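Trainee: Please find the sequence and the predicted model below.
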Amino acid sequence: MLLTSRRLRAALLAAASATLVAAALPAPRPLGVGDRLFPTLGNPGYDVRSYDIGFDYSGDNKKPLTATTTVDATATSPLDRFNLDFTHGTVRSVRVNGAPAAFATAGEDLVVTPKAPLAAGDPLRVTVRHTSDPTGNNSGTGGWIRTSDGLVMANQADAAHRVFPCDDHPDDKAYFTFHVTAPKKLTVVAGGEQVSRTAQGPDTTWTYRTRHPMATELAQVSVGDSAVLRRTGPHGLPVRDVVPAADAKRLEPWLKKTPGMIEWMEKRVGRYPFEDYGVLVAGADTGFELETQTLSLFERNMFTDGGYPAWYVDSVLVHELSHQWFGDSVSPHRWSDLWLNEGHATWYEGTYAEEHGGPSFESRMREAYAQSDGWRTAGGPPARPKAPEPGQAISIFRPVVYDGSALVLYALRQEVGAAAFSRIERDWVREHRDASASTADFTALASRDAGRDLTSFFHTWLYGAKTPPMPGHPDWRPAPTAHPAQGPGKPAGAGKRQRPAAVPAAPTAPAGHAAAPTGGGA
């Protein structure tokens, strides 16, 4: 009893000390890293090295999951208190470097006050016991997406913190380990490589680990009645596709094309940058496709509804694949750099389509040029996009960041020539691999590889309210009446994947594929 009593007194003193420290600090408030589009996203004062995340899934996707998230970081400045991004779950306890810590919420931030202040350079291990709630997230807010047989993640742009506590900004990439316990009848797949699978009574625990750092918005965990189809890509690359088990045979004609698509991309930009790749087909109407790292997410309807020609579906697969280089391996420094993700993915989508039965890419760019002024009016110029609509983070995925940004790359190739453009593409993904990079970084690299200063060129093309003249095409003109609307389909923010104008509308087309210029894949 004496020992227990001493421990109780020690615990009470520690709690009282933390309370006194918290009382001396200003009221908790949301913080951010200065992103113009998402002012409270990300957090200053530390750099995350890794996440270790455990989920316990009961088999009912309408119930919260029990979860534990451990964040290993390094303090980059003295910290009496720090924030993590987290919402849509209940926090049960927080420990910092092994000691209980006080915590509070402010907006969508979890504000943590450690027992003892941290100095710059100190290691920081934060363990949060919490719930992770999948209910309510099929409304376009992102995070967990409930499927017909389980769950998948769709965290872009700002929704990872609806699933687990994190520094939810792509500029702070980290390594991930996922431990997911689920009923034995279900299959769990996550980004990275599977490192273990252990039966525990009626359940199985699956563990996956990334070999490359990853932005939180690219994390993926799939739980469901799934088949995992394995094949080999270039250089022995493991390719694993995760599909509803009942649809495996039906989807195989599409999935078997992936190794050839990877080879096609490698010929243009260099070696695939990660440990494995695959397509994740979900039984859910998401309205978008998404380039989650090593395991790109697609709606089942994309392949089964029959509303699109084969060249178009193939080009969408290439769009998300190309993001593994542009957006995943090289992540945006700030969300205003999104044009670098989507412009490149649209470029390779469109050029692949041209080579495989679709329209010519030049004709597509000519049409984009005609519409570009209207897109800029509606959504801002490519590198200075307008803020998202309130409560609709994905409304930043407007036509100007898809075809409007591919148009910038087309102009660049016209300006510097095919050989220099190819050098720029390869050097960009090689020199910034596993990191984040900015528009200024791209401008500097392109100028170096072209052998001349392209600052003025990029300034007018990326920040101008009007579209500059297209090099080599003096006959190209903006449309007489540039409409700020999104085209014949959904308004901005309705869904990230949008059907190019060359594809006629079909009664069976998925709702999320209804607007004019193409896009897709955070």
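Mentor: Perfect, I can see it now.
Trainee: May I ask you to confirm that residue 367 belongs to a strand?
Mentor: No: read with DSSP: H, G, I helix; E, B strand; the rest coil, residue 367 is helix and lies in no strand.
Trainee: What's the local residue count around it?
Mentor: Residues near residue 367, counting by other C-beta atoms under 10 Å, number 20. Where C-beta positions appear, they are placed from N, C-alpha and C, glycine not excepted.
Trainee: again with residue 203
Mentor: Neighbourhood size, residue 203 [other C-beta under 10 Å]: 17.
Trainee: What of residue 215?
Mentor: Residues near residue 215, counting by other C-beta under 10 Å, number 25.
Trainee: Who are the contact partners of the nearest residue to it once chain neighbours are set aside?
Mentor: Of all residues not flanking residue 215 in the chain, residue 170 sits nearest, at 3.8 Å (C-beta to C-beta, 6 or more residues apart in numbering). Going by C-beta atoms under 8 Å, 6 or more residues apart in numbering, residue 170 touches 215-218, 331-333, 335, 436.
Trainee: Next: residue 101.
Mentor: By C-beta under 8 Å, 6+ apart, residue 101 lies in contact with 18, 94-95, 112-115, 126.
Trainee: pLDDT and distance to residue 34 added to the residues you listed, as a markdown table?
Mentor: Below are these laid out as a markdown table (pLDDT from 0 to 100; distance: C-beta to C-beta, whole Å):
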| residue | pLDDT | distance to residue 34 |
| --- | --- | --- |
| 18 | 46 | 29 |
| 94 | 98 | 25 |
| 95 | 98 | 29 |
| 112 | 98 | 21 |
| 113 | 98 | 23 |
| 114 | 98 | 24 |
| 115 | 96 | 29 |
| 126 | 98 | 22 |
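Trainee: so which strand or helix has residue 362?
Mentor: helix 361-379 (DSSP states H and E).
Trainee: Can you give the distance from that helix to the centre of its chain?
Mentor: Remark: helix 361-379 is offset 25 Å from the chain centroid, using C-alpha atoms, centre = their mean, to the nearest Å.
Trainee: and the contacts of residue 101, which are buried?
Mentor: Buried by 16 or more other C-beta atoms under 10 Å: 18, 94-95, 112-115, 126, out of the contacts of residue 101.
Trainee: Filter these down to the ones in strands?
Mentor: Among those, the members falling in strands (DSSP state E) are 94-95, 112-113, 126.
Trainee: What residues of stretch 246-263 count as buried?
Mentor: 247-248, 251, 254-255, 257-259, 261-262.
Trainee: coming back round to it: considering the contacts of residue 170, which possesses the most neighbours?
Mentor: Ranked by the number of neighbours (other C-beta under 10 Å), those place residue 217 first, at 30 neighbours.
Trainee: Please tell me how far that one sits from residue 42.
Mentor: Distance of residue 217 to residue 42, given as C-beta to C-beta, to the nearest Å: 11 Å.
Trainee: Between the two, which contacts overlap?
Mentor: Contact criterion C-beta under 8 Å, 6+ apart; residues shared by residue 217 and residue 42: residue 168.
Trainee: about what we covered before: read off the pLDDT value for the residue nearest to residue 215.
Mentor: Per-residue confidence (pLDDT) for residue 170: 98.
Trainee: got a list of what residue 433 touches?
Mentor: By C-beta under 8 Å, 6+ apart, the contact set of residue 433 is 273, 329-330.
Trainee: Check the secondary structure at it for me.
Mentor: State at residue 433, reduced to three classes by three-state DSSP: coil.
Trainee: and what of residue 32?
Mentor: Secondary structure of residue 32, reduced to three states by three-state DSSP: coil.
Trainee: Is it in contact with residue 39, as I believe?
Mentor: Yes: counting by C-beta atoms under 8 Å, residue 32 sits close enough to residue 39 to count as a contact (4.9 Å).
Trainee: and these two? which has more neighbours close in?
Mentor: Each of residue 32 and residue 39 has its neighbours counted (other C-beta under 10 Å); residue 32 has more, 16 against 13.
Trainee: Can you name the residues that contact that one?
Mentor: 38-44.
Trainee: Strands of the stretch 351-500 of the chain, residue ranges please.
Mentor: 435-437 (DSSP state E, counting those that start in this stretch).
Trainee: So which residues of it form helices?
Mentor: According to DSSP state H, counting those that start in this stretch, the stretch 351-500 of the chain carries its helices in the segments 361-379, 403-416, 418-431, 439-450, 455-463.
Trainee: for the ones you listed, which one ends up most surrounded?
Mentor: Mean neighbours per residue, mean count of other C-beta atoms under 10 Å, is largest over those for helix 403-416, with a mean of 24.
Trainee: relative to helix 439-450, how tilted is that one?
Mentor: 30 degrees (axes from the mean of the first three to the mean of the last three C-alpha atoms, to 10 degrees).
Trainee: any low-confidence regions in the stretch 101-250 of the chain?
Mentor: 136-140 (pLDDT under 70).
Trainee: Go again with 80.
Mentor: By pLDDT under 80, the low-scoring segments of the stretch 101-250 of the chain are 136-141.
Trainee: element containing residue 249, please.
Mentor: Per DSSP H and E: helix 248-255 holds residue 249.
Trainee: Restricted to strands, list the contacts of residue 170.
Mentor: Going by DSSP E, the strands hold 331-332, 436 from the contacts of residue 170.
Trainee: I'd like those residues as TSV, with distance to residue 83 and pLDDT appended.
Mentor: Converted to TSV, those look like this (distance: C-beta to C-beta, whole Å; pLDDT from 0 to 100):
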residue	distance to residue 83	pLDDT
331	21	98
332	21	98
436	20	98
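Trainee: In terms of distance to residue 463, which of the residues you listed ranks first?
Mentor: residue 332 (16.2 Å; C-beta to C-beta).
Trainee: quick one, what contacts the closest one?
Mentor: Shown in contact with residue 332 (C-beta under 8 Å, 6+ apart): 170-171, 338, 340-341, 436-438.
Trainee: Same check on residue 410?
Mentor: 347, 361, 365, 470.
Trainee: Make sure the first one is actually in contact with residue 408.
Mentor: Looking back up the chat, that one is residue 347. No: Residue 347 is beyond contact range of residue 408, at 9.6 Å (criterion: C-beta under 8 Å).
Trainee: Make JSON lines out of the ones in strands among the contacts of residue 170 and add distance to residue 354.
Mentor: Formatted as JSON lines, the ones in strands among the contacts of residue 170 follow (distance: C-beta to C-beta, whole Å):
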{"residue": "331", "distance to residue 354": "28"}
{"residue": "332", "distance to residue 354": "27"}
{"residue": "436", "distance to residue 354": "31"}
